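Asker: turn this into a structure:
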Amino acid sequence: MARTPALAWRNWAGTESATATEVRTPRSAAEIGAAVVSAGERGLTVRARGSGHSFTAVGAAHGVALDLSGWTGITAADRETGEVTVRAGTTLATLNTELDRLGRAMANLGDIDAQTIAGAIATGTHGTGARLGGIATQVSALELVLADGTITRCSATERPDLFAAARVGLGALGVLSTVTLRTEPAFVLAAEERPEPLDAVLERLQANCAENDHFEFYWFPYGRLALTKRNNRVPAGTEPRPLGKFRKFVEYEVLENGAFGTLCRIGRAVPKLVRPLNKLSASVLSPRAYSDVSHKVFVTSRRVRFVESEYAIPRESLGEVLAELRTRVPPLADPVMFPVEVRVAAADDIWLSTAYRRDSAYIAIHQYRGMPYRAYFDLFESIVGAVGGRPHWGKMHTLDAETLRDRYPRFADFARVRSEVDPEGRFRNPYCDRVLGPITD
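Answerer: Numbers count the residues shown, from 1 in each chain. A predicted model of the protein is given here:
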């Protein structure tokens, strides 16, 4: 088994770091099992690192770290059912490319594709769509390596309790080896993006969510405009009409990354300019319409680094929460450079899913890296907490197991399964200790 000396780890946002005792790079499920057993024999914990795109320390490994970058690719594809089995270390970007070759696609995705498939489902990664769930809802089976090194399969009919827990499992139940996904025939999305008055967007929010396959919007806290995004499927066989290469480069790379990054750096250096720069960013938003294969519409380039917190709230509470933010964010002493993002998702039955048993709205707040954010994030948590908000497991939050237990009806069931499959805490890390609590008998 190949090993790497890269013991130090840091996440994409630079908010978390850890130093492992050793790093292993398994290239088979058996090698993952051997690494888990070896860690156990030495009394060490073991975690898969993933791509480090979470803003929390959910992926931090302080004992044995598993680098699954050598355990990638699609291993099986059933053309009749559309089910595809993929190794856990495969990034969403690679998965999308391989699905393209098979004429298949994921039904819904978020806007980042750097995560591994295992990390994406373990943390509850989602996109937007009132009738669609997160990535974990597209999982039909999982293969896990448990604390004793054994490899087990779970699904709705095989070890269903383990399946209900492991689809959003935070890496606390075992190391995911493979993921079986329900996919669809490849499809084209028509995208329409345009600035609109925020009041008008909120007035038609329920209609916008119902009338579009995927709807979301961004709101700059000091402006009156929101950037709305509507993505809808077009009939099969429709030829995509993507943005031209030059316009795509100018709008996404030059304006949304290069120019916006420059404005952020100016705002960080001269905070009193943040409000006018924020209004400028909102005022230069321009409409655009195009169509392309689905994952090229879902995913966007994000090169300006930031910190982020995101909570899922009952969808009916969205207007109330946004009204509070509109009133209470502008007076904050430290100005906010980044927009607020709003998305929606359908209820599901996954025990630790943020959308468990309720149609949800997701509010994500951001701040440019290096700018003060604590007062803003604390204010946000107090507002969403009042309506029972559930934090995204991969985004910054301060909640612990005592609070989260009340927000997840099946929290105790998850704890029971965890104690059954990992009684000695082989897959613990400090983040899991905080949000899941101790392993009970």
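
Asker: I figured Leu399 hits Pro391, correct?
Answerer: Yes: with contact defined as C-beta atoms under 8 Å, Leu399 reaches Pro391; the gap is 5.8 Å. C-beta here means a position set from N, CA and C on the backbone, and glycine is covered the same way.

Asker: between these two, which contacts overlap?
Answerer: Listed as contacting both Leu399 and Pro391 by C-beta atoms under 8 Å, 6 or more residues apart in numbering are Glu381.

Asker: and these two? which has more neighbours close in?
Answerer: Pro391 (24 against 16; other C-beta atoms under 10 Å).

Asker: nearest residue to the more buried one other than its sequence neighbours?
Answerer: Spatially, and ignoring its direct neighbours in sequence, Pro391 is nearest to His397 (3.6 Å; C-beta to C-beta, 6 or more residues apart in numbering).

Asker: same deal with Arg241?
Answerer: Leaving aside its chain neighbours, Arg241 sits nearest to Ser291 (5.0 Å; criterion: C-beta to C-beta, 6+ apart).

Asker: buried sites along the host helix or strand of the one you found?
Answerer: Using DSSP states H and E, Ser291 maps to strand 288-293. Buried residues in strand 288-293, counted by 16 or more other C-beta atoms under 10 Å: 290-293.

Asker: what comes into contact with it?
Answerer: 100, 105, 186-194, 234, 238, 240-243, 247, 251, 297.

Asker: which of those residues fall within helices?
Answerer: Counting by DSSP state H, those place 100, 247, 297 in helices.

Asker: compare those and tell me which has the most neighbours.
Answerer: That'd be Val297 among those, by other C-beta under 10 Å, with 22 neighbours.

Asker: ends of stretch 265-278, how far apart?
Answerer: 12 Å (C-alpha to C-alpha, to the nearest Å).

Asker: keeping just the C-alphas, turn stretch 326-337 into PDB.
Answerer: Presented in PDB, the C-alpha positions along stretch 326-337 are these (Å, rounded to 0.1, in the frame of the first residue of the first chain):
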ATOM      1  CA  ARG A 326     -32.600  42.800   6.300                       C
ATOM      2  CA  THR A 327     -33.300  44.800   9.400                       C
ATOM      3  CA  ARG A 328     -30.400  43.600  11.600                       C
ATOM      4  CA  VAL A 329     -27.400  43.100   9.300                       C
ATOM      5  CA  PRO A 330     -26.900  46.600   8.000                       C
ATOM      6  CA  PRO A 331     -26.300  48.200  11.500                       C
ATOM      7  CA  LEU A 332     -23.500  45.700  12.300                       C
ATOM      8  CA  ALA A 333     -20.200  47.300  13.100                       C
ATOM      9  CA  ASP A 334     -18.200  45.000  10.700                       C
ATOM     10  CA  PRO A 335     -19.600  45.300   7.100                       C
ATOM     11  CA  VAL A 336     -20.400  42.300   5.000                       C
ATOM     12  CA  MET A 337     -18.800  41.900   1.600                       C
END
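
Asker: distance from the chain centre to it, please.
Answerer: Stretch 326-337 has its C-alpha centroid displaced from the chain centroid by 25 Å (C-alpha atoms, centre = their mean, to the nearest Å).

Asker: related to what we said a few turns ago, closest to Arg182 out of the ones in helices among the contacts of strand 288-293?
Answerer: Nearest to Arg182 among these: Asp100, at 16.9 Å, using C-beta to C-beta.

Asker: please name the residues that touch that closest one.
Answerer: Asp100 makes contact with 186, 293, 295, according to C-beta under 8 Å, 6+ apart.

Asker: let's go with 10 Å and repeat that
Answerer: Residues counted as contacts of Asp100 (C-beta atoms under 10 Å, 6 or more residues apart in numbering) are 186, 293-296.
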